[in-house]
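1. following is a predicted model, sequence given first.
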Amino acid sequence: MDLALGLAFAGYHLLKNRRRPRINIDEPYLLNIPPEIRLIIYEIVFEEPEESQLASKCLEPLLTCRQIYQEAHQRAFVRTNFYYRITSMHPPYWSPTILRLSASKLRCVRKITILWEGTQLEVVVLRRFFFALACGPLKLEHLAFVITNQYTLERFLFKYGPLYPHIQEFGQYVTEELPLMDNVDKIVFPSPAIDVKKTFQYLFAPDKPRIQFGTIPGFPNPQRVPKKMGSWKYTVVRESKDVKTWRLELTHPEPTIGELSTEDEERSQKSSIGTRPDS
């Protein structure tokens, strides 16, 4: 009986560890398929990620080998949402050294979420920040500006938050002063933890007035005055009744008929200059 069990065990061991026929395709298999098939695979691997997914996780497949990196890094950088944490209120902000990417890679980035950790929202700092962005190497499709500093967020939660000078100036800068940028298609300002409808409207709603104090010293006399909207197209997106989920989106306005005709004339002039008359 013991001999039979021993033979059975030995036979099972030999069967389990038998030499299998070698695959004819050399490793690694992905790099041996046609390039057009690999591009389709990259489209699936680097699909649109969730907003909360970290960039390091999205770009992890690029670390497989150098060839995959060279073939897929542009597609991966275009679709990845990068988080940029602002801790210093002093420039530079957008240089390749600060962002730890070369200028060639920065040109591939299309989505960035700003995590603003500063304790203040001074307009002078915001002006420098967005001016540096407008003059930098980035060409963005989507830029989100998220305030993360708890001390700053508490001011928005206060009942009289719209009366704070820094809060007032921030809302006025976003809706009236922020210049239109050719290298940014959309800017999103999520609600900074605001849970009161009127507070959000005073600060960000384009069709609602803002609070302004009187100019007579000693008599604040707060008044509601219409907002003088800037050059962007301003849209308040309300996904639910909860004000904390609201956001203000800034997009480029539709070109007017005059602008379209001017562009057509410029194209025709360029084409006529490049056309040589028949001899």
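-> Perfect, I can see it now.
2. can you report how many residues lie near residue 156?
-> 23 (other CB atoms under 10 Å). C-beta: built from backbone N, CA, C; applies to glycine.
3. any figure for the gap between the closest residue to it other than its chain neighbours and residue 101?
-> Among residues not flanking residue 156 along the chain, residue 192 sits closest, at 4.7 Å (CB to CB, 6 or more residues apart in numbering). According to CB to CB, to the nearest Å, residue 192 and residue 101 sit 28 Å apart.
4. how about residue 133: what's its closest non-neighbour residue?
-> The shortest distance from residue 133 to any non-neighbouring residue, by CB to CB, 6+ apart, is to residue 94 (5.6 Å).
5. enumerate every residue touching that neighbour.
-> 132, 133, 136, 137, 138 (CB atoms under 8 Å, 6 or more residues apart in numbering).
6. touching, residue 58 and residue 49? I think so.
-> Yes: counting by CB atoms under 8 Å, residue 58 touches residue 49, with 4.9 Å between them.
7. low-confidence ranges in the stretch 101-250 of the chain?
-> For the stretch 101-250 of the chain, the stretches with pLDDT under 70 are 214-220.
8. so which residues of it form strands?
-> 111-116, 142-147, 186-190, 210-212, 223-225, 233-237, 247-251 (DSSP state E, counting those that start in this stretch).
9. now the ones you listed as TSV including mean neighbour count and distance to residue 171?
-> Listed next are the strands of the stretch 101-250 of the chain as TSV, based on neighbours: other CB atoms under 10 Å; distance: least, CB to CB, whole Å:
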stretch	mean neighbour count	distance to residue 171
strand 111-116	20	15
strand 142-147	19	12
strand 186-190	20	9
strand 210-212	17	6
strand 223-225	10	12
strand 233-237	15	12
strand 247-251	19	9
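10. of all those, which one is nearest residue 73?
-> With CB to CB as the criterion, residue 73 lies closest to strand 111-116 of the strands of the stretch 101-250 of the chain, at 15.3 Å.
11. hmm, who's touching the closest one?
-> 51, 79-86, 138, 140-149, 152.
12. with stretch 47-57 instead?
-> 58, 79, 80, 81, 82, 83, 113.
13. ok, residue 203 to residue 87 distance?
-> For residue 203, the distance to residue 87 - CB to CB - is 24 Å.
14. in terms of neighbours, single out the busier of those two.
-> For residue 203 versus residue 87, the count of surrounding residues by other CB under 10 Å is larger for residue 203: 26 against 9.
15. from residue 60, how far off is the closest residue to the more buried one other than its chain neighbours?
-> Closest residue to residue 203 apart from its sequence neighbours, by CB to CB, 6+ apart: residue 171 at 3.4 Å. Distance, residue 171 to residue 60, by CB to CB: 39 Å.
16. please apply the same query to residue 174.
-> 35 Å.
17. between those two, who's got more neighbours?
-> More crowded of residue 174 and residue 60, by other CB under 10 Å: residue 174, with 22 against 12.
18. any idea how far the more buried one is from residue 236?
-> 12 Å.
19. and what of residue 156?
-> For residue 156 relative to residue 236 (CB to CB), the value is 16 Å.
20. on that earlier part again, overlap of the contact sets of residue 174 and residue 236?
-> By CB under 8 Å, 6+ apart, residue 174 and residue 236 have these common neighbours: 204, 248.
21. circling back: more neighbours: which of residue 192 and residue 101?
-> Per other CB under 10 Å, whichever of residue 192 and residue 101 has more neighbours is residue 192, with 25 against 16.
22. about what we covered before: could I get the contacts of stretch 47-57 as CSV with distance to residue 240?
-> Below are these laid out as CSV (distance: CB to CB, whole Å):
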residue, distance to residue 240
58, 28
79, 27
80, 28
81, 22
82, 27
83, 24
113, 21
